[in-house]
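Enquirer: the following comprises the amino acid sequence and a computationally predicted model.
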Amino acid sequence: MAARTSNVVFDDLFTISAIDKDGKKFDRVSRLFAHSSNYNMDLTLDYNVELYPFNNGENFSLVLASSLVRGNEGSTTNGTDGVDEDKDTHIWRPDGKGRKGLEEDYEYVMYGKVYKFDGGASSEIVTAYISFGGLLMTLTGSHRHMTGIVLSEPVYLLIRR
């Protein structure tokens, strides 16, 4: 099996239409509602307001990726690069050591898991549900734009303005 050429499974630009429209439930968490400009997708996202504050009407880029590794760098069909290196040098680390990945190009990054899909194979519009340690996200739109988002698979959310 050939290596995937890109770890990005979804990429679009969103405009925030509302923040906490159902009321604010937690001090440091808000829920934004946004619509994408390219794929006509609807997004609901819980986020940490202290780490990354948003404003209503603001635009941002959102990427979902299966890994922070850029493209197929450092991998072959068996998942190794053929060099005897410490495997920890291939992942992001808070001490700045290790290989830099997609996170270097974004301002807000979360790691989570796809836990549910609404809409079946015959449905044009589907909703993906992802949990980032209790911060929840829903992404609703055409199934054609979410083919890379897989149930029960881990996913990284990356955001920048």
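Expert: Done, it's in.

Enquirer: please, where are all the strands along the chain?
Expert: 8-19, 29-36, 42-48, 59-65, 108-118, 125-132, 135-142, 154-160 (DSSP state E).

Enquirer: for the third one, packing partners?
Expert: On a contact count with 3 or more C-beta pairs under 8 Å, 6 or more residues apart in numbering; DSSP states H and E, strand 42-48 meets strand 29-36, strand 135-142. In this view, the C-beta of every residue, glycine as well, is placed from N, C-alpha and C.

Enquirer: quick one: stretch 128-136 to chain centroid distance?
Expert: In this view, stretch 128-136 has its centroid 10 Å away from the chain centroid, taken as C-alpha atoms, centre = their mean, to the nearest Å.

Enquirer: list the buried residues of it.
Expert: Residues of stretch 128-136 classed as buried: 128, 129, 130, 131, 132, 135, 136 (neighbour count, 16 or more other C-beta atoms under 10 Å).

Enquirer: can I get that stretch in PDB, CA atoms only?
Expert: Provided in PDB are the C-alpha atoms of stretch 128-136 (Å, rounded to 0.1, in the frame of the first residue of the first chain):
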ATOM      1  CA  ALA A 128     -19.300  14.500  11.800                       C
ATOM      2  CA  TYR A 129     -19.000  14.700  15.500                       C
ATOM      3  CA  ILE A 130     -15.500  15.000  17.000                       C
ATOM      4  CA  SER A 131     -14.500  15.300  20.700                       C
ATOM      5  CA  PHE A 132     -11.300  17.100  21.700                       C
ATOM      6  CA  GLY A 133     -11.000  16.000  25.300                       C
ATOM      7  CA  GLY A 134     -14.600  17.200  26.000                       C
ATOM      8  CA  LEU A 135     -14.500  20.200  23.700                       C
ATOM      9  CA  LEU A 136     -16.900  19.200  21.000                       C
END
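
Enquirer: any idea how far residue 116 lies from residue 129?
Expert: In this structure, residue 116 and residue 129 are separated by 4 Å, where distance is defined by C-beta to C-beta, to the nearest Å.

Enquirer: same thing with residue 142?
Expert: If you measure residue 142 against residue 129 using C-beta to C-beta, the figure is 17 Å.
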